[in-house]
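Colleague: Provided below for reference: sequence and predicted model.
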Amino acid sequence: MKPTSLYINSPGGMVTSGLAMYETMRYVRAPVHTLCMGTARAMGSFLLMAGEPGQGATPHPRLTGWVEEAIEQTLTFFRLPRTHHKHLKSTNMLERLNEEIRRRTYVVRIFPNTESCLRLVRALVVETHENWMEANRYINMDDIREHKKLALRNAA
């Protein structure tokens, strides 16, 4: 059977679109060889690894098997309530934290040693963590509890 080639140049993209492509790769009978033609980030890298082991441009063919085995863990995102999806697919909180670390370390400019830099960053991360725990919840855990209860009721 003649193999199918999938050329990937992707900066990421929607998870659902990537999963549709992944399902198509699994559905066709011909082996699918993947080749990166530029960038393969996020879902693009997932599709790159999902090609035939030992074929195409996957530098770590053992990852393909691992992706197949860990697909259940990877897709736990879809098990959570839909109201949480918009918060989980965003990295705004991490970007703000990185910006704050950059701002605070820029003030000092030259650290006497690595430990002093780590002390500052650790203190900032601990402070941020405490703020996240005490301030308004970014994700409402009550929704998750209700979602689990409904799932258990539906399963019974």
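Modeller: Done, it's in.
Colleague: worst-scoring helix or strand of the chain, pLDDT-wise?
Modeller: helix 62-69 (a mean of 66; mean pLDDT, DSSP states H and E).
Colleague: helices and strands around the helix or strand that comes right after that one, which ones?
Modeller: Where DSSP states H and E defines the elements, the next helix or strand beyond helix 62-69 is helix 71-74. Packed against helix 71-74, as judged by 3 or more CB pairs under 8 Å, 6 or more residues apart in numbering; DSSP states H and E, are no other helices or strands. No exception for glycine: its C-beta is placed from N, CA and C like everyone else's.
Colleague: spit out the contact partners of the residue sitting nearest the centre point of the chain.
Modeller: In the chain, the C-alpha nearest the mean C-alpha coordinate belongs to A42, at 6.9 Å (CA atoms, centre = their mean). Listed by CB atoms under 8 Å, 6 or more residues apart in numbering, the contact partners of A42 are 10-13, 18.
Colleague: out of these, list just those in strands.
Modeller: S10 (DSSP state E).
Colleague: now a ChimeraX select for only the buried ones of the contacts of A42.
Modeller: Those of those that count as buried under 16 or more other CB atoms under 10 Å are selected in ChimeraX with:
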select :10,18
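Colleague: for the contacts of A42, which two are the farthest from each other?
Modeller: Maximum pairwise distance in the contacts of A42, criterion CB to CB, is 12.1 Å, between P11 and G18.
Colleague: common neighbours of those two, please.
Modeller: 42, 44.
Colleague: tell me which element the nearest residue to M21 once chain neighbours are set aside is part of?
Modeller: Excluding the flanking residues, the one nearest M21 by CB to CB, 6 or more residues apart in numbering is L47, at 5.8 Å. Assigned by DSSP H and E, L47 belongs to helix 43-49.
Colleague: okay, that helix in PDB with CA atoms only?
Modeller: Only the C-alpha atoms of helix 43-49 are listed here, as PDB (Å, rounded to 0.1, in the frame of the first residue of the first chain):
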ATOM      1  CA  MET A  43      -1.000  20.400  17.900                       C
ATOM      2  CA  GLY A  44       1.400  20.400  14.900                       C
ATOM      3  CA  SER A  45       4.100  18.600  17.000                       C
ATOM      4  CA  PHE A  46       1.400  16.200  18.200                       C
ATOM      5  CA  LEU A  47       0.500  15.300  14.600                       C
ATOM      6  CA  LEU A  48       4.200  15.100  13.700                       C
ATOM      7  CA  MET A  49       4.800  12.500  16.300                       C
END
